[in-house]
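Visitor: pasting the sequence and the predicted model now:
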Amino acid sequence: MFNYYNKVAGEYQEVKIKYEETLITFETTKHVTEAINEEQSAPHKETTNAMASSTNVPQDKSKKPTKCLNVHVKYNALKEILILDFRAYEYEWNLISIIGFYHNFDIARIPEDSFKSILDDELPLECFYPKANDNYQKIFKVDISKIERHVFRKEFTIEISYMLLDDVDKKIFRSKYDFDLHEALTNDDINILTEINQYQRQPLATRTHNFFRMIKYALNVEDLESQNELKEFILPHIQLEYSKDSKQYWIPIEGYQLPRDYKEMSICLVPMEKYREGKMNFEKDCIYSQIENYMNGKIYLVKKIPNFHQPQSKPTLNLSCKYCLRFIPNRITYRACFQAIETIGVHGLSDYFNDFEYSGFDKYRVKDNIIEDFSWFNKQIETNEEQKTAIKNIVNCTAYPFPYVVFGPPGTGKTTLIVECIAQILKERPTNHILVTAQSNSACDEIGNRLLKFIPRGKIYRFYSSSLLNSGNAEASQVLLETSNLRNGNNEYPTKEEFFHFNVVIITLTTCSRLVQAKCDNINKHFDYIFVDECAAATEPEAYIPIVGFGTGDRNITTNVVLIGDHKQFGPAVKSHFAEDLGLGVSLMERIMTKSKYKLRPDNSYDQKYITQLLNNFRSHPAILQFSNILFYNSKLRAKISEPERSLGTRWNFIRNKKFPILFHCTKTPSQIVINGTSSFNEGEIEKVKFYVDILLMKGIDGVKINPDDIGIVSPYKAQLLKLKQKFNAEIYRNLEMGTAEYYQGREKKIIIISTVKSYGSVGFLKCEKRLNVCITRAKSLLILIGNGDTLKQNPLWNSFLQFCEANDGCVGKTNTIFGGFGQCQQENKIAEIGQITGKNGIKQNGIHSFKNFLKF
């Protein structure tokens, strides 16, 4: 029975609706074959209970679709009717028509509420509405947030239609592609979706053999989304200009926004006349080039290719002609990801990478000489038992042929461990070759700069993307640049012999894809170790680029693999929500820690043969660390920050509890949304941020001078950051860093100021628990938060954090008591209750005792 509020009648009404398991189901008075082949049915045709399904579709294997679903059906009040149930395992969602009164309707996706699976809690609940034909009139939409059943009493007509698409994978983008909703799917599409339907009904345990097929589908979805989002950056009516002095073409684009990774992309110039007519020939009419630089509202094109990568037809370049500029994404990383997934199957390693169980292949890298005694390069490691254990096990290959995992919470010395581990390997085995990869250039440069203290420059090679040639890299030392492909200001790649000579090669995962596709002979047996830093921030296919490309053979793992990261912080950045739901948002590190070898054992420990969790936090004051420690890290972390930084924040005059250097400033100023945008900002919070920054810079803390580079400002909204940058545009603020939580992951500052922005509404981005974890663990000595307490407390996690602040006299602002002034016992019970509701990472197990411990400082 479906309940729905009828706006016309002004009341709730109900009707029985029957769901069918068949792929395609509808009712019609006509014979099934006639209905399938009918060009167009009458809009008001009386119906009986004739039923058609996917088995009735003509077996025409051609690409031309049959018109099996373009049927008008009229239903009467309270009759049991059939709705199209169109299921797809990639989304775990249904496609179902939206119902209304004598109108045509869109097709939407909703979760199925009649089938309970073990993944139900993880499935998205938001409905996706494809873009309809201009003739389609939407009267109302189904509100599926409560998964209510919907009903009607009056007669109504349904039209079921689908788009004509040549690629099944593109169906999820129907709202973004310029296609009309019409006709039906081909039989090939139906066969695929039938298989998907069967797959979805299987228990999760029987799906393991299809894991990589799922990942491949997700990767396809993400690839399409990355191409499609560039439609927002099409620049029409642009005109080329030429500088005789620099002999360089440039394009004025002031007022336009460029894609984030524009330097990695190519550009395509299409004559506006042909673009408007839609008659452009991408080979004959278009001119291709790349962006060398962007400054002062001008795009400068590469000098070294005067013909702009023109095809052989060489279209005429006309400076008086107006062009449409389109960005073409660099797909080399996606190609490398696809190649890695294909290689897993070719090498017969699907079961290995799915379950990480031994499959009987040869062990190439087992070391006979077990090393017991270590002389440490970094003397601080001598007192860090977890770091010592991890390094010894990695050097002795205890996990091989499986990856060794280093689970490193914030500030626990992950980079220190990597550097020491590499130095120890080369000390014991000078002929070993090590590949070091990371998600970001900053992480790679930090590792490279530290390695230069212990390893001769000639043994290290830093492999950069050519896009950094002109933009420079502020985080790389000159010595590191001199041992890279960007030395002498040129992009000079080494020969194969030179490349094999280096003991340590450092490269990002994205740039590593170029190295994989070079296809050097025996490259899969060259590296003895592959380190993947920031593994929890990379998609699983991205992590496979170096691991599979350089560390696998025919049913063999040829390399020791070490994964380093923290899956409790931000995971992979995935553009498509559908790809994320398919599993692309789960990193290899996060998934591997669900496997038997890597799970947390009942005694709250890990099997150190395969995994080590670093526990000493060298970054934050104990009070700043405590909340995340309990909620995310099972209360295992130990604060080891040095004394000068430990006490700095507590000596600030604004801190009332001298054991608690956290200040929450409650504001009531409303947040606003930018015009023609979705991002939010809050002028009142901007003023509060300015107030605290100025106070700290002018007066310092207890005689200690505070510089702009000691302060970091974090906000989840780009509009807020833009206005903050405008506010702090004076020279005295030049080194003041501002960014999102994603930007600050892996970074730290003595003082962090967080502007939450949202006021009198939902908490928005802040509901993500990983975002909260990252935000509050960036600060070393002092943490200042500015936000609306009434808004934030709507979220259980933020509510418990604000109670944590209030219990320690850390709240100021519009109200002295955010939570109604209940007594201490009530506070403890309330926080314990929140812990039970949240059920995150040990709170439920530790119970109220843990919350009593962390409530007061």
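Guide: Noted; the coordinates are in hand.
Visitor: when you work out contacts or count neighbours from here on, use the C-alpha atoms and nothing else.
Guide: OK.
Visitor: need the phi and psi values for residue 754.
Guide: With angles defined as degrees, to the nearest 10, residue 754 sits at phi -110, psi 130.
Visitor: looking at it, it is touching residue 717, isn't it?
Guide: No - here residue 754 does not reach residue 717: they are 11.1 Å apart, not a contact under CA atoms under 8 Å.
Visitor: contacting residues for residue 327?
Guide: The contact partners of residue 327, taken as CA atoms under 8 Å, 6 or more residues apart in numbering, are 230, 233-234, 262, 265-268.
Visitor: wait, a strand at it?
Guide: Yes - secondary structure of residue 327 (DSSP: H, G, I helix; E, B strand; the rest coil): part of a strand.
Visitor: ok so, going back, need the contacts of residue 327 in TSV with distance to residue 603, neighbour count and secondary structure, can you?
Guide: Putting the contacts of residue 327 into TSV (distance: CA to CA, whole Å; neighbours: other CA atoms under 10 Å; DSSP: H, G, I helix; E, B strand; the rest coil) gives the following:
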residue	distance to residue 603	neighbour count	secondary structure
230	50	15	helix
233	53	14	helix
234	57	14	coil
262	50	19	helix
265	50	17	coil
266	54	16	strand
267	57	20	strand
268	59	21	strand
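Visitor: domain map for the chain?
Guide: 2-202, 234-330, 344-459+495-614, 622-855 (automatic domain parsing).
Visitor: so residue 795 makes contact with residue 765?
Guide: No - checked against CA under 8 Å, the pair residue 795 and residue 765 is beyond contact range at 11.3 Å.
Visitor: these two: who's more crowded?
Guide: Between residue 795 and residue 765, counting by other CA atoms under 10 Å, residue 795 is the more crowded of the two (17 against 14).
Visitor: dihedrals phi and psi, that one?
Guide: Torsion angles, degrees, to the nearest 10, at residue 795: phi -90, psi 130.
Visitor: name the nearest residue to it, sequence neighbours excluded.
Guide: residue 767 (6.6 Å; CA to CA, 6 or more residues apart in numbering).
Visitor: look at that neighbour and report its pLDDT.
Guide: At residue 767, the pLDDT value in this model is 85.
Visitor: which ones are touching it?
Guide: By CA under 8 Å, 6+ apart, the neighbours of residue 767 are 795, 797-798.
Visitor: list the contacts of residue 526.
Guide: With CA under 8 Å, 6+ apart, residue 526 has these contacts: 433, 500, 550.
Visitor: using PDB, write out every CA atom in stretch 409-429.
Guide: The C-alpha trace of stretch 409-429 is given here as PDB (Å, rounded to 0.1, in the frame of the first residue of the first chain):
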ATOM      1  CA  PRO A 409      46.800   8.200  13.100                       C
ATOM      2  CA  PRO A 410      47.500  12.000  13.000                       C
ATOM      3  CA  GLY A 411      50.900  13.100  14.100                       C
ATOM      4  CA  THR A 412      52.300   9.700  14.800                       C
ATOM      5  CA  GLY A 413      55.400   9.900  12.600                       C
ATOM      6  CA  LYS A 414      54.400   8.000   9.500                       C
ATOM      7  CA  THR A 415      56.900   9.900   7.300                       C
ATOM      8  CA  THR A 416      59.600   9.400   9.900                       C
ATOM      9  CA  LEU A 417      59.000   5.700   9.800                       C
ATOM     10  CA  ILE A 418      59.100   5.500   6.000                       C
ATOM     11  CA  VAL A 419      62.500   7.400   5.900                       C
ATOM     12  CA  GLU A 420      64.000   5.200   8.600                       C
ATOM     13  CA  CYS A 421      62.800   2.100   7.000                       C
ATOM     14  CA  ILE A 422      64.300   2.900   3.600                       C
ATOM     15  CA  ALA A 423      67.600   3.900   5.200                       C
ATOM     16  CA  GLN A 424      67.700   0.600   7.100                       C
ATOM     17  CA  ILE A 425      66.900  -1.500   4.000                       C
ATOM     18  CA  LEU A 426      69.700   0.100   2.000                       C
ATOM     19  CA  LYS A 427      72.100  -0.200   4.800                       C
ATOM     20  CA  GLU A 428      71.500  -4.000   5.100                       C
ATOM     21  CA  ARG A 429      70.900  -4.600   1.300                       C
END
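Visitor: report the buried residues of that stretch.
Guide: Counting neighbours by 16 or more other CA atoms under 10 Å, one finds that the buried residues in stretch 409-429 are 409-426.
Visitor: residues in contact with that stretch: which ones?
Guide: With contacts defined as CA under 8 Å, 6+ apart, stretch 409-429 is touched by 374, 376-378, 387, 391, 394-395, 406, 408, 432, 434, 446-447, 450-451, 454-455, 531, 564-566, 568, 613-620, 633, 746, 777.
Visitor: show me what the mean pLDDT comes to for it.
Guide: Mean predicted confidence for stretch 409-429 is 96.
Visitor: so residue 291 is in which element?
Guide: strand 287-295 (DSSP states H and E).
Visitor: next SSE after that strand?
Guide: Following strand 287-295 in sequence order, the next helix or strand is strand 298-301 (DSSP H and E).
Visitor: what pairs with that next one, and is each one parallel or antiparallel?
Guide: With DSSP bridges as the test, strand 298-301 is paired with strand 248-252 (antiparallel), strand 287-295 (antiparallel).
Visitor: can I get those in TSV with mean pLDDT?
Guide: Converted to TSV, those look like this (pLDDT from 0 to 100):
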stretch	mean pLDDT
strand 248-252	84
strand 287-295	80
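Visitor: for residue 780, what are its contacts?
Guide: Counted by CA under 8 Å, 6+ apart, residue 780 has contacts 619-621, 624, 645-646, 748-751.
Visitor: for those residues, which one is nearest residue 505?
Guide: The closest of the contacts of residue 780 to residue 505 turns out to be residue 748 (CA to CA; 26.6 Å).
Visitor: am I right that the closest one is in contact with residue 779?
Guide: Yes - here residue 748 reaches residue 779: they are 6.0 Å apart, a contact under CA under 8 Å.
Visitor: of the contacts of residue 327, closest to residue 683?
Guide: Among those, and counting by CA to CA, the member closest to residue 683 is residue 233, at 28.8 Å.
Visitor: where does pLDDT dip in the stretch 451-600 of the chain?
Guide: Applying pLDDT under 70 to the stretch 451-600 of the chain flags residues 469-476, 519.
Visitor: for the chain, same thing?
Guide: Residues of the chain that meet the criterion pLDDT under 70 lie in 1-209, 279-280, 282-283, 303-317, 359-368, 469-476, 519, 676, 814-857.
Visitor: ok, back up a step: what's the overlap in contacts for residue 748 and residue 779?
Guide: residue 619.
Visitor: these two - which one has more neighbours?
Guide: Neighbour count, other CA under 10 Å: between residue 748 and residue 779, residue 779 has more, with 25 against 19.
Visitor: done for today, thanks.
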